[in-house]
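Novice: starting from these lines, generate the structure:
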Amino acid sequence: MNEAIERIVSSNDWITIILLIIISLIINNKIRYTARFQSLQSLLYSNSYINNYSKSTPLLFNTFNTIFIIIVILVFSLLLFTVASQFNLILVQENKSQFLLIIVGVLVFFVIRFIIGYLLAFLFEKEKEQHYITFVKISYLSNFSLFIIPLLIIDFYTNSVIFSKILIITAVLLLLYYYYLQIKNNQKLVFSKMFYFILYLCALEISPFIIIYKLIIK
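Specialist: Numbers count the residues shown, from 1 in each chain. Here you go, the predicted model:
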């Protein structure tokens, strides 16, 4: 007979604070940028958000995107914390310390990824294309966060191993679907600049993991 596996969480107080911060930031963007927020929500099945806001100035680091970058970092950190807990990938014994370590890793990943992208764009004189690709990536990850945060809330307060697995599978499938949408909706950019696209995949998606791994495993 299969026995249920209990996932032990010492305290949810700090998780509640993180979730409240995320929800507050989402509400702030929804109230201040209602039309843009609603358009972002439809990104899973419509490309109108990209078409409407890809020419806005500043494109990347406006207030709306900056707030969502913070949300994305927090959501991915919580998601990775769930993965670490689910598969017993204990980095440190204390939950809060483990989450802090994860959030630093996620932040370092995004910073390294941005720096490498900027350097490549400068080297190959593709700044405009890189800014557009980064904007699209931020947009899809922001949409991803809106879909995942309710599942994270349910997961942390039901403390269900089965739901954690559902959450992880859903997150992976969503991310794969977003990659498909990026390629599908930007076929002209991808196939007309295949070399740059392959370089982008190798440098921006793989190299940050290698750098972080080298920093951790000396």
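
Novice: name the element the nearest residue to Leu74 once chain neighbours are set aside belongs to?
Specialist: Leaving aside its chain neighbours, Leu74 sits nearest to Ile22 (5.3 Å; criterion: Cβ to Cβ, 6 or more residues apart in numbering). (Glycine included, C-beta is placed from N, CA and C.) Taking DSSP states H and E as the criterion, Ile22 maps to helix 13-32.

Novice: and the following helix or strand past that helix, what's buried?
Specialist: Scanning forward in sequence from helix 13-32 by DSSP H and E, the next helix or strand is helix 34-41. With burial defined by 16 or more other Cβ atoms under 10 Å, the residues of helix 34-41 counted as buried are Arg36, Phe37, Ser39, Leu40, Gln41.

Novice: what of stretch 168-182?
Specialist: Residues of stretch 168-182 classed as buried under the neighbour-count rule (16+ other Cβ under 10 Å) are Ile168, Ala171, Leu174, Tyr178, Leu181, Gln182.

Novice: and stretch 150-161, by the same measure?
Specialist: Applying a neighbour-count criterion of 16+ other Cβ under 10 Å, one finds Leu151, Leu152, Ile153, Asp155, Phe156, Ser160 buried in stretch 150-161.

Novice: touching, the first one and Leu167? I think so.
Specialist: Yes: the pair Leu151 and Leu167 passes the contact test of Cβ atoms under 8 Å, sitting 4.9 Å apart.

Novice: on that earlier part again, closest one of the buried residues of stretch 168-182 to His131?
Specialist: For the buried residues of stretch 168-182, the residue nearest His131 by Cβ to Cβ is Gln182; the value is 14.9 Å.

Novice: my read: that closest one touches Val136, true?
Specialist: Yes: here Gln182 reaches Val136: they are 5.9 Å apart, a contact under Cβ under 8 Å.

Novice: re the thing from before, taking the buried residues of stretch 150-161 one by one, which sit in strands?
Specialist: Using DSSP state E, no member of the buried residues of stretch 150-161 falls within strands.

Novice: need those residues in a markdown table with pLDDT, can you?
Specialist: Below are the buried residues of stretch 150-161 laid out as a markdown table (pLDDT from 0 to 100):
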| residue | pLDDT |
| --- | --- |
| Leu151 | 94 |
| Leu152 | 93 |
| Ile153 | 93 |
| Asp155 | 91 |
| Phe156 | 88 |
| Ser160 | 84 |
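
Novice: those residues in helices, which ones?
Specialist: Where those overlap with helices, as defined by DSSP state H, the overlap consists of Leu151, Leu152, Ile153, Asp155, Phe156.

Novice: hmm, back to that, export the buried residues of stretch 168-182 to a markdown table and tack on distance to Leu100?
Specialist: A markdown table is the format used below for the buried residues of stretch 168-182 (distance: Cβ to Cβ, whole Å):
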| residue | distance to Leu100 |
| --- | --- |
| Ile168 | 21 |
| Ala171 | 21 |
| Leu174 | 26 |
| Tyr178 | 27 |
| Leu181 | 33 |
| Gln182 | 31 |
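
Novice: for the chain, what spans make up the strands?
Specialist: According to DSSP E, the chain carries no segments that qualify as strands.
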